[in-house]
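> would you be able to build a 3D model of this:
(2 chains)
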Amino acid sequence: MKRLFGLLLAGIVVFAVVASGCISPGGETKVTVTFLSTQLNPPEERAFVQEELLKGFTSDTNIEVNFVPISYTDMVTRLEGEMQTGKVTIDVIGDLHGGMDYMASKGWLEDLSKMPKLEGRTFISTFEKYSYIRGQKVYVPWMSATYVMVVNKEAFKYLPAGLTEDDVVKGTDKWTYDALLQWAKNLKEATGQPQLGFPAGPKGLFVRFLHGYIYPSYTGYQAKEFDSPEAVEMWNYLKELWPYVHPSSTTWDAMADPLLKGEVLIAWDHTARIKNAIETKPDQFVVVPVPRGPKGRGFIVVLAGLAIPKGAPHKEEAWKLIDYLTQPDTQVKVLEKTGFFPTVEEASGKLPEGPLKILAQGVQAQASTQDALVVMIPNLGDKGGQFKEYYKQAFERIVLNNEDPATVTKEIKPELIKLFEDIGVPVP
Amino acid sequence: MERRSLVPYLLILPAFAYLLFFVGYPLIQALYLAFTQNGALSLDVWRRTFSDYYFWSAFKYTIALAGIIVPTQVALAVVLALLMNRVFKGKDAALYALIIPLTISDVAAGLIWYSMLSPYGFVNKLLMNLGVISQPIYVFGYEYRTREFFAIVIAELWRSTAIVFVIILAGLQMISREYIEAAEVFGASYWTRLRRIVLPLLKPSIQSALIIRTLFAMQIFGVVWILAGRDIPVLAGEGYYQLTEIKDAGVASVYALIIAGLSILLGTLYIKFLRAEYLEVGE
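The predicted structure follows:
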């Protein structure tokens, strides 16, 4: 009995050693690159990355990739720990611009200008510009996303005087928030129902419209001029617009369904959340730039990049992975599966005709408008939720509860600004 | 002898360990999160909660929902139980139909009612096809909060009256026929029998049903979240929202503690004022 137990114990020990990878069971050892990413974390996207995207890389280069989906806070904690102990295990980091900015400010990221040139691709110049932080090449632009407007072609029949379909599709000077109001009015009068929709439900992204689109369009800033006269003007505009906005908007989290069901003819949402509508009925919808306000055409660009931490164990292999992920073909594949847009110009030439092209054209049109006022989502980490809450509250109180915009914005502004001061991030 | 006295403790140990780990530990954690700020004792989290824009309306809506749903439910369940407590053809089938909603989760119930009441849902389509209305009736949206409120009430009544019904039916079936027969002999009418015998004897069941339902009503969340989102804030919903969206674990803990506090308070009140009369035990 005792002997059997001893054998069993020995067996377990041997198994544990082998399983933990301390002793590989012979054969050549493959290099495994550890890739931490705050992006592509939802199960479907994760499966695509692991089963498809990275398999392609491994078969090309014989380098294994350990893809670790992780939250921003966890990633920063882990990286900080590894930096302090000097035992870095992470090779590649995939994160949004704001996170990269933070990690670069801590001095955790490698300067990538010393790395070999990535051939055969031209990074979109705005993205390239953002990837240099404080004079250092911090990351390689990886994927981008934005929020746009979708118009059901039916709505073009009710355009207000002086505004043409071309104005809207190209985003000319005439495509303003006032024109949108007039259009929404026409639509309601003609159809008897409000035809403009926003994802203002509890999980909807309407708050991005508030701080990243209409606020900068009217005040030039996201938070700095929160209670300025221009901001009050903006809130009054929204109050005037709201009767022409579909009343179910406060329960919608994504606009693809309402668009497909014909509940609304014009909607604003994240590209990934309207992708489905365009894929289902590509003949019916066009993607257009958002309107402009007095200070320009504010819109958010979500930019994700790839970086290498200082002291990464497999720097060369990591660069190969970055090279692979930014190739035009790979970027098109990512767009097809996830709705994240390429960061290299060559990718647009490789897009198949159809829904994705419609989306990409709209995004491109928005990005290349003359009066573009590009906005980045502020990087507040855990406090990001609180930041959004202030805008939501202001909206609910002013537009839905009809409180005075000047009073409400004066009340909320100090708390909003304090949020940035507490974290030490400049007020955008 | 000594060994034997240990047995009861050993038997209770697993349950005790379970409670300690899954109830005691989170409770202490919640208390810690609610009463400290950066590791020091502070009431700042409570101040944050009470000054939160949604707090008082969440409180108000939770109480209002419980105040409407629970009494309606109990009345409805008593009537249904009285109807079902007799022999008739198809009784089993009727019983199953009544109990089916018990098997459905609150989120699923919310989704069912959402798809029925949505502008392009079953109810609107039916009314439109019958020519009663020409445009769909909107139930969901901030402007229609009263309608949303009643949609929640209907969904909750539909979903959770079954549990009250089961408890009351069980209580009803425990009432000895002898009392009723004795009353019949003395010529008591149905109403007299109901008022003087059945309802007093049902009190323990009604009490347990009330306690269970009121406590669950304090935690109402899934149905509200699906049907009204944050148009109608409720305590449990705000707790969830604070934790997942705003990422303020302290305020979320305060919400949880308030729900717990309310539950304890209401439970005590019920037990105090609804003391059951056990005829069989008394003289």
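> can we go C-alpha only for contacts and neighbour counts from here?
Will do.
> so how far is residue A:55 from residue A:62?
Going from residue A:62 to residue A:55 by C-alpha to C-alpha, to the nearest Å gives 10 Å.
> how about residue A:202?
37 Å.
> between those two, which one's more packed in?
residue A:202 (21 against 16; other C-alpha atoms under 10 Å in any protein chain shown).
> so what's that one up against?
Shown in contact with residue A:202 (C-alpha atoms under 8 Å, 6 or more residues apart in numbering or on different chains): A:250-253, B:229-230.
> hmm, 6 Å instead?
B:229-230 (C-alpha atoms under 6 Å, 6 or more residues apart in numbering or on different chains).
> tell me the pLDDT at it?
At residue A:202, the pLDDT value in this model is 84.
> what helix or strand is it on?
Assigned by DSSP states H and E, residue A:202 belongs to no helix or strand.
> the one residue in the stretch 251-400 of chain A that gets nearest to chain B: neighbouring residues, count only.
The stretch 251-400 of chain A approaches chain B most closely through residue A:385 (3.8 Å), counting by C-alpha to the nearest C-alpha. Applying other C-alpha under 10 Å, we find 18 residues neighbouring residue A:385.
> please, which helix or strand holds it?
Residue-wise, residue A:385 maps onto helix A:384-395 under DSSP H and E.
> helices or strands next to the helix or strand just after that helix in the packing?
Counting by DSSP H and E, the next helix or strand C-terminal to helix A:384-395 is helix A:405-423. For helix A:405-423, not one helix or strand is in contact under the criterion 3 or more C-alpha pairs under 6 Å, 6 or more residues apart in numbering or on different chains; DSSP states H and E.
> report the buried residues of helix A:405-423.
A:405-406, A:408-409, A:412-413, A:416-417, A:419-420 (16 or more other C-alpha atoms under 10 Å in any protein chain shown).
> one more: stretch B:237-244?
B:237-243.
> a markdown table for those, including distance to chain A and secondary structure?
Below are these laid out as a markdown table (distance: C-alpha to the nearest C-alpha, whole Å; DSSP: H, G, I helix; E, B strand; the rest coil):
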| residue | distance to chain A | secondary structure |
| --- | --- | --- |
| B:237 | 11 | helix |
| B:238 | 11 | helix |
| B:239 | 14 | helix |
| B:240 | 12 | helix |
| B:241 | 9 | helix |
| B:242 | 9 | helix |
| B:243 | 10 | helix |
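> please convert these to TSV, extending it with pLDDT.
Shown next, in TSV, are the buried residues of stretch B:237-244 (pLDDT from 0 to 100):
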residue	pLDDT
B:237	95
B:238	95
B:239	95
B:240	93
B:241	92
B:242	92
B:243	90
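> low-confidence regions, chain B specifically.
Where chain B drops to pLDDT under 70, the residues are B:1-4, B:275-283.
> leaving out chain neighbours, which residue sits closest to the residue in it that chain A sits nearest to?
Closest to chain A within chain B is residue B:246: 3.8 Å, counting by C-alpha to the nearest C-alpha. Among residues not flanking residue B:246 along the chain, residue A:385 sits closest, at 3.8 Å (C-alpha to C-alpha, 6 or more residues apart in numbering or on different chains).
> ok, residue A:247 next?
That would be residue B:141: by C-alpha to C-alpha, 6+ apart, it lies 5.3 Å from residue A:247.
> what sits against that neighbour?
Residue B:141 neighbours (C-alpha under 6 Å, 6+ apart): A:247-248, A:250-251.
> doesn't residue A:29 belong to a strand?
No - going by DSSP: H, G, I helix; E, B strand; the rest coil, the assignment for residue A:29 is coil, not a strand.
> between the buried residues of helix A:405-423, which sits nearest residue A:86?
residue A:420 (30.6 Å; C-alpha to C-alpha).
> state the distance from that closest one to residue A:209.
From residue A:420 to residue A:209 the distance is 20 Å (C-alpha to C-alpha).
> residue B:272 now?
In terms of C-alpha to C-alpha, residue B:272 sits 53 Å off from residue A:209.
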